[in-house]
Structures are given as structure tokens and as C-alpha cells.
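*Asks:* Following is a predicted model, sequence given first.
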Amino acid sequence: MIIKRNMKKIVLEEFKKVQSPSGAWKQEWVKVKDVEVGIYPLSGAYLTTSNVKFANSTNTGLTSEKAILEGKNRLNDSGVIYDIDFVNPIGKYTQLVLKKMVANV
């Protein structure tokens, strides 16, 4: 499998303090830039109960972007939100452990 073939542009967002038009400060997700990410579903066969971060995760991702931080960044794929549970920037590609968020309708 060629990793580059599975990559697509996804919006990298950052949780920042911004000023609203009324002058009040609030926290919200702000677009940082578009990044190339390959997202793959995580099979339950790989999960272990001893590692909570992996047990709660739904997907893994690979990207060449090195400046991604868990808890501070998230991925927005045209309305599908992926929280970043773990980042491993060692190696050619940064490994991401992701949790797909389901909107409350």
C-alpha cells in the first residue's frame, strides 16, 4: 500500500482564545492550515483494555506534519471531526491516534 495515495487535504484546527465582535473573549476552534493526512479505520482486534487512549480511539492517521499536538489540535474533514488522542512525531510520518466525534442531532 502506498501511503501518499491515501492522503487527502484535511483542515488542521487549533483551540484558541479569540475576541468576538462584542469584545468578549471566548475559546473556539480556528483553522490553522490544510494538511495532507491518511486516515485509516482501527480494527477492534488491535485494542487492549490496558491502554485507554487506544481503546477509545476509532482511527489512526499518518501525516508529514510535525507540529500537531494532542489536546490543542483536531482534524476537520468536511464536517467530520477527529479529536487527536496521541501523537508520535518520530520517523518520516507522524502517527496520529484519532477519535471520530459523532454530532449530537
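*Replies:* Right, received. Where do you want to start? Given the structure is predicted, the values throughout are model-derived calculations rather than measurements.
*Asks:* low-scoring pLDDT stretches of the chain, where are they?
*Replies:* 1, 43-56, 103-105 (pLDDT under 70).
*Asks:* the longest strand in it is where?
*Replies:* strand 25-41 (DSSP state E).
*Asks:* hmm, who's touching that strand?
*Replies:* 3, 6-20, 58-65, 68, 73-77, 82, 96, 98 (CB atoms under 8 Å, 6 or more residues apart in numbering). (C-beta placed from N, C-alpha, C; glycine too.)
*Asks:* again, but for stretch 89-103
*Replies:* Contacts of stretch 89-103 (CB under 8 Å, 6+ apart): 3, 37, 39, 53-54, 56-66, 68, 75, 80-88.
*Asks:* switch the cut-off to 6 Å
*Replies:* Residues from elsewhere that reach stretch 89-103 (CB atoms under 6 Å, 6 or more residues apart in numbering): 56-59, 61-64, 66, 81-86, 88.
*Asks:* Go through that stretch and flag the buried ones.
*Replies:* 93, 94, 96, 97, 98, 99, 100 (16 or more other CB atoms under 10 Å).
*Asks:* name the element the last one belongs to?
*Replies:* The secondary structure element spanning residue 100 is strand 94-101 (assigned by DSSP states H and E).
*Asks:* strand partners of that strand, parallel vs antiparallel please.
*Replies:* As defined by DSSP bridges, the strand partners of strand 94-101 come to strand 59-63 (antiparallel), strand 80-88 (antiparallel).
*Asks:* Tell me which of those strands is the most buried.
*Replies:* Sort the strands paired with strand 94-101 by mean neighbour count, taking mean count of other CB atoms under 10 Å, and strand 59-63 sits at the top with a mean of 19.
*Asks:* Now do the helix or strand that it is followed by against strand 94-101: the angle between them, please.
*Replies:* Once strand 59-63 ends, the next helix or strand along the chain (criterion: DSSP H and E) is strand 73-77. Angle of strand 73-77 versus strand 94-101, following axes from the mean of the first three to the mean of the last three CA atoms, to 10 degrees, is 70 degrees.
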